[in-house]
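Enquirer: coords below, sequence missing:
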């Protein structure tokens, strides 16, 4: 069977163009060709359809081979370009090759035409494959850059977030104790009793939003953890997850996006726990819900709807539907929505990574994401998840019990001053706590003979890191090196990851849970 070949022939003589086409046919090509002999005709032909090869005369009354080659280069088209002419010599041929033509031969001497065409077609395929590979490498490099950026951002966010969580917990506990003291106080004065009751009521009102703020901060912690996981590509621990709890949390976080755009309808069926990771699934549904909200205009919430449905399919898998009545997705781009960096949102609104991350998370646990959409009617995204092998209640970690221990001397080393203050507040009621903002300060104190029962040290700090501090302690006070607990907001350098793999010291992920940190300190002092 002859190979199809679309040839654009730049020639002012019809008979010469037919001769070229005939020779190509003799060489085993099924030729479809068009003859052009002016810049306007060639421009129109290049815009009309793709071509496999261009064969051009060198000199014509109103056009030329070099001018035709220039048009091809102007449009950045990588097409084999062969000049066939009977009027020019070797010097002109060399100049044409230097200008970008792929071959040059005399008219009427077509012995080299077919081999030249076959060679140039093969080379064109190889060039196209190399270009595609380079584009994929650019995407890979871009993904690596995004991963590096994500790790750095996670580390920067975690310091102020750790401060927020520690101080919120401290305030909530103090207010709870104060309310209890006020309620239990008996002074026998009616006016004071009324005042105490009002104060107790007010403190109760303050305590509740503080708990909500703590929960919100904890959800941010999980999202930051997912950001770090995405940047590293590490596997995350899986277990049974209560999907309703994940959805409720995601909806709370997305509420500011939803409330101005749509009515929210929850249609939760009775479904079993799913297999996965609560934080990562929360990130999936947060992305899907925010996308659904952003598909609808602001200010028309009464005319739009987001419906969240949970159910089981015919084979028992859990299906979560996020349905919106938004603008919909055109069929032409529907197959691309899970590609990295593809987005239909305006510049500055979307990165094109959200759905790609969702797809990666869901498929990694053996699930599926299916999309249906109609332009002008809306979109439904179904996330299909495997049922957990064990019940969620069996894998939920119990609250950490505070183990009684002796009073200790604690050193906190962190370049974020507020974090040191927050940890000192958290532990100072039970221990003597000193907070410093540089590893140099800590080394100075320890080299002068100060000793501590526990050293809570940030891993990544400017100038002298926690790793450097540990190395110096091994030299000047090896017993103190064993007392170090590393606080890390993300080991985002290869050196930090290798270091944590090598040392046996305990470590605490920022933002840390207050109860777990207290329990860890108590256990180390016991």
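Expert: That came in fine, so what should we check first? Model, not experiment: these values are computed from the prediction.
Enquirer: could you pull out the helices for the stretch 51-200 of the chain?
Expert: 65-74, 90-99, 113-184, 190-232 (DSSP state H, counting those that start in this stretch).
Enquirer: Which neighbouring elements make contact with the first one?
Expert: What that stands for is helix 65-74. Using 3 or more C-beta pairs under 8 Å, 6 or more residues apart in numbering; DSSP states H and E, the elements in contact with helix 65-74 are helix 39-48, strand 53-56, strand 81-84, helix 90-99. Bear in mind the C-beta positions are built from the backbone N, C-alpha and C, glycine included.
Enquirer: circling back: which stretch in the helices of the stretch 51-200 of the chain is the model least sure about?
Expert: Ranked by mean pLDDT, the helices of the stretch 51-200 of the chain end with helix 190-232 at the bottom, a mean of 66.
Enquirer: And the next helix or strand past that one?
Expert: strand 239-241 (DSSP states H and E).
Enquirer: Please name the strands paired to that next one in the sheet, noting orientation.
Expert: Using DSSP bridges, the strands paired with strand 239-241 are strand 274-276 (antiparallel).
Enquirer: Which positions within the partner strand qualify as buried?
Expert: Neighbour-count burial for strand 274-276, counted by 16 or more other C-beta atoms under 10 Å, picks out 274, 275, 276.
Enquirer: cool, stretch 27-35 as well?
Expert: Within stretch 27-35, judged by 16+ other C-beta under 10 Å, the buried ones are 27, 29, 31, 33, 34, 35.
Enquirer: Torsion angles phi and psi at residue 451?
Expert: Note on residue 451: its backbone torsions stand at phi -130, psi 150 [degrees, to the nearest 10].
Enquirer: looking at it, it is touching residue 480, isn't it?
Expert: Yes. Counting by C-beta atoms under 8 Å, residue 451 does reach residue 480; the two are 6.6 Å apart.
Enquirer: and these two? which has more neighbours close in?
Expert: Per other C-beta atoms under 10 Å, whichever of residue 451 and residue 480 has more neighbours is residue 480, with 21 against 13.
Enquirer: Show the contacting residues for the more buried one.
Expert: Residues counted as contacts of residue 480 (C-beta atoms under 8 Å, 6 or more residues apart in numbering) are 446, 451, 452, 455, 473.
Enquirer: Following element in sequence after the helix or strand encompassing it, please.
Expert: Assessed by DSSP H and E, residue 480 sits inside helix 478-481. Counting by DSSP H and E, the element after helix 478-481 in chain order, helix or strand, is strand 484-488.
Enquirer: I'd like to check what contacts stretch 205-217. Which residues are they?
Expert: Against stretch 205-217 from outside (C-beta under 8 Å, 6+ apart): 161, 164-165, 168-169, 171-172, 175-176, 179, 252-253, 511.
Enquirer: May I ask which two of these are separated the most?
Expert: Checked with C-beta to C-beta, the contacts of stretch 205-217 reach their widest spread between 179 and 253, with 28.4 Å between them.
Enquirer: So residue 265 belongs to a helix, correct?
Expert: No. Residue 265 is assigned strand when assessed by DSSP: H, G, I helix; E, B strand; the rest coil, not a helix.
Enquirer: Now do the same for the residue nearest to it when sequence neighbours are not counted: helix, strand or coil?
Expert: Closest residue in space to residue 265, ignoring its immediate chain neighbours: residue 307 at 4.4 Å, by C-beta to C-beta, 6 or more residues apart in numbering. Counting by three-state DSSP, the backbone at residue 307 sits in strand.
Enquirer: Just confirm residue 307 contacts residue 320, I think it does.
Expert: No. Using C-beta under 8 Å, residue 307 makes no contact with residue 320, being 11.3 Å away.
Enquirer: Kindly confirm my reading that residue 20 is in a strand.
Expert: No. Residue 20 is assigned helix when assessed by three-state DSSP, not a strand.
Enquirer: picking that back up, let's have the buried residues of strand 274-276 in JSON lines, adding pLDDT.
Expert: Shown next, in JSON lines, are those (pLDDT from 0 to 100):
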{"residue": "274", "pLDDT": "94"}
{"residue": "275", "pLDDT": "91"}
{"residue": "276", "pLDDT": "89"}
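Enquirer: Show me what counts as buried in stretch 8-21.
Expert: 8, 9, 10, 11, 12, 16, 17, 19, 20, 21.
Enquirer: Let me see the ranges of the strands in the stretch 301-450 of the chain.
Expert: Taking DSSP state E, counting those that start in this stretch, the strands of the stretch 301-450 of the chain run over residues 305-312, 318-324, 368-374, 378-385, 409-413, 432-436.
Enquirer: just those: most buried one?
Expert: strand 409-413 (a mean of 24; mean count of other C-beta atoms under 10 Å).
Enquirer: which strands and helices sit next to it?
Expert: Checking 3+ C-beta pairs under 8 Å, 6+ apart, strand 409-413 ends up next to helix 417-427, strand 432-436, helix 439-447, strand 454-458.
Enquirer: domains of the protein?
Expert: Following automatic domain parsing, one gets these domains for the chain: 3-108, 141-232, 240-395, 409-525.
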